[in-house]
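Quick one, fold the following:
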Amino acid sequence: MSMAMRTPNTAPQPARRVLPYKDFLQPALHRRFSSTALVLLGIAYAQSLALSSWSSWLWAWFPLSGAGSRAIIIFLCGLVIIILRIAQFHIGIRTTNSPFETFLYNAAKPKTVETIFSYCIAGWLYAQVFRWSMPESAALRWITYYPGDRARLNERALYLVVHVVCVGAVNALMHLFRDSDRLLLGTARSNNAATSSGGNAAAGKTSQLYSSLLYQLPFLVVSACTRAVAGLATSIILYNFFVRPFAWRFTLTLFRPFFSLPKSSLPPSMTPYFSTFTFLPRCFQAGFLFSLLLVISNAAFSLFLVNEPLKDGKPLTSDSKDPNGSLLNGLKSKKDKIKAFSMWELAFIARDFPDRRVAIYTDIDRKDGSTWSQVCRLCLDTIKQLENRIDPPTPAAPAPAVAAPATSEDATEVKRLTKPVRDDPNILVATPQKKKTFSSEMEKMVNKVAIDPANSPRLSPLTKHVLQDARKRLQDVQRDISGPENPNSSLQNLVRQVLSFPIVGYPFRLQFQNRITAAVLGGPYGEPSVYVNAINALSLLAVHSLQEDKFGNVQRDVATIVRELTCVTRKLESLKASFPVHWTDIEAKRVCPEVDAIIDAFKDGLTDLIASFGRYSRDLRLSQTDMRLAEEAATAGREKKKEPQPEEGGNGDDAIPEMAQVRL
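Residues are numbered from 1 along each chain as shown. Presented below is the predicted three-dimensional model:
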């Protein structure tokens, strides 16, 4: 046998391609969109049945009849809004100091115009379906024929269309005001019970989402009713004072080529509001049904799309040939959406999936280091971003330049320089001259009067009194405009009275919650759940490594993790305690759920680390000072928040975690 045949094949295997995280996130989002579309189709079919005449019990509900066609068009009205949500959704809350600043930031953006236009188009389409579904007795056709008269344009149909479009505009404004484009991501807290695995858990989670939507249904009905009333009032005002002449002429122009309409373009003398007693209630019905379709569609989209990053009870990357590599690609992504979902999945892995944790500990052969080292570095970098916003690093001082030897030309240049700046408090006093002149004496007197009019010997008592009074008034004006240094000034008191009005003053209040959120999370958007999940994932992976890390790689980074969490916790607590309340904040409430959620995550992580690694502090090179500072940071303020223990014989369940009440 030849030597070549006995030599083993040692050629390097080609590197296996790691699928990006978006290849697993996008299919999951598509499945959730399908669930939202299914809910939307059900609402559209229910509204189609409500608009049926029920003259025939078969064709009133049969999907292949007019009920099905009506349901498809209503479904398209809601689908326009869902497509808008998909195109514009973002991760993170708006971090601006005041609602008025938010308005200035978003008013001129194209997405604002797209939002209003999409809602108005959906309203116009829904109005056509509603008109078509009404019986002949409602008189909502575009063209009417009076006995013995030719065709005329029906203003009742025109106003109905304008009304539903106005309802769409009201919903668009509420969409922008409430920032409905934001996805409210959740967190995986360390004190939650472990989730079950398998298809039963996935089915249970889906049924839980539908139950949550049904639970919200009464509130959604009330919201739709409120928006319908607001839309009705808005349409009456706008149509009567602004829209009516233009809408009448424009509609006549569209229908004149097809019907023999009068040549006059003047609208009728009587408005269509009170033509019959049933017209305005019918308009309210159209606005209510349209608003109900929108609010349920938006609620279903926000509920289904932020479902946990799991598939069949397992993490999304479990189907990858290299799960750790795909997860690392998501954590390294520059897109906020991908990074937020991947960090959320990492927190679930650290809490509920031992096999994936073991895979992270034992995966040590990677190009940029072991999986654990990369996960630890990425989580610490996320926490470091938070720390840099709280306490920006001081830039290094530039090195002093070495002085070059002076030449004759430099010496000549120095002689041409002006004299150094005077440090004399009486700098306004004229420079003494060798020869006294009339102008120099007048300059001395004016400067002396301006600096100290009380001790000026050349002024009469009346003049001194006038100058002192004027100086006092100038000082009062300066104190009034000096800002928060003088909170009792008359100018600020007047402004506070204006800001105390709920509608007029609210947009201009610089509230504590908005200002500290902008300072901690940055702008224009900030997502607290990213930092909470990074802290939970880091601390839980470190805690579980005591039983699952057979190589002992995690223990090398425990000291760094403890010091970093302690440092950022102390800085964040100090920032919240010392952060000033702006004088325009009428309520002056020092409450911020977003920042409190991050602080609680830091304290929970430190508590778990101290309980697990406290006995090994010397081996981990943690000094007594490090442990003392960590314990103080973990327990600071917790004594005040302790709840009384339940009495014996009562319900022993724990209270709802505070994180569940935080708007994340």
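
dump the residue contacts of the residue nearest to the spatial centre of the chain.
Among the residues of the chain, Ile93 comes closest to the average C-alpha position under Cα atoms, centre = their mean, at 1.4 Å. Counting by Cβ atoms under 8 Å, 6 or more residues apart in numbering, Ile93 touches 179, 182, 517, 521, 525-528, 594, 663. For glycine as for every other residue, the C-beta is placed from the backbone atoms N, C-alpha and C.

Packing partners of whichever helix in the chain runs longest?
Longest helix in the chain by number of residues (criterion: DSSP state H): helix 199-238. Counting contacts by 3 or more Cβ pairs under 8 Å, 6 or more residues apart in numbering; DSSP states H and E, helix 199-238 is packed against helix 22-51, helix 155-177, helix 279-305, strand 310-311.

hmm, who's touching the one helix or strand Glu632 maps to?
In the assignment (DSSP states H and E), Glu632 maps to helix 624-635. By Cβ under 8 Å, 6+ apart, the residues outside helix 624-635 that reach it are 559, 562-563, 565-566, 569-570, 573, 602-603, 606-607, 609-610, 614, 617.

Could you do stretch 244-258 as well?
With contact meaning Cβ under 8 Å, 6+ apart, stretch 244-258 is reached by 142-143, 153, 155, 158, 162, 239, 261, 265-267, 271.

pLDDT and distance to Leu541 added to those residues, as CSV?
Output for those, formatted as CSV (pLDDT from 0 to 100; distance: Cβ to Cβ, whole Å):
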residue, pLDDT, distance to Leu541
Trp142, 91, 66
Ile143, 88, 71
Leu153, 88, 71
Glu155, 90, 69
Leu158, 94, 64
Val162, 95, 59
Tyr239, 92, 62
Leu261, 82, 75
Ser265, 79, 74
Leu266, 84, 76
Pro267, 83, 71
Thr271, 80, 69
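
Make TSV out of those and add distance to Thr226 and neighbour count.
Shown next, in TSV, are these (distance: Cβ to Cβ, whole Å; neighbours: other Cβ atoms under 10 Å):
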residue	distance to Thr226	neighbour count
Trp142	30	18
Ile143	35	14
Leu153	32	20
Glu155	27	20
Leu158	25	22
Val162	20	21
Tyr239	20	20
Leu261	38	18
Ser265	37	13
Leu266	36	10
Pro267	30	17
Thr271	25	14
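
I'd like the residues you listed written out as CSV, with distance to Gly78 added.
Putting those into CSV (distance: Cβ to Cβ, whole Å) gives the following:
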residue, distance to Gly78
Trp142, 25
Ile143, 29
Leu153, 30
Glu155, 29
Leu158, 24
Val162, 21
Tyr239, 25
Leu261, 34
Ser265, 36
Leu266, 38
Pro267, 33
Thr271, 31
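
wait, which of these is closest to Val113?
Val162 (19.6 Å; Cβ to Cβ).

so how far is the helix holding Glu632 from its chain's centroid?
Chain-centre distance of helix 624-635: 33 Å, with Cα atoms, centre = their mean, to the nearest Å.

Buried residues, it. List them.
626-627, 629-630, 633-634 (16 or more other Cβ atoms under 10 Å).

Stretch 129-138 now?
129-131, 133-134, 138.

Compute the number of surrounding residues for Thr177.
No Thr there; residue 177 is Phe. Neighbourhood size, Phe177 [other Cβ atoms under 10 Å]: 11.

thinking again about what came up before, nearest to Gly325, of the helices and strands packed on helix 199-238?
Among the helices and strands packed on helix 199-238, the nearest to Gly325 by Cβ to Cβ is helix 22-51 (11.8 Å).

contact partners of the following helix or strand past that closest one?
Counting by DSSP H and E, the next helix or strand C-terminal to helix 22-51 is helix 66-88. With contacts defined as Cβ under 8 Å, 6+ apart, helix 66-88 is touched by 33, 36-37, 40-41, 43-45, 47-49, 51-52, 59-63, 111, 114-115, 118-119, 121-123, 125-126, 128-129, 132-133, 180-181, 290, 293-294, 297-298, 301.
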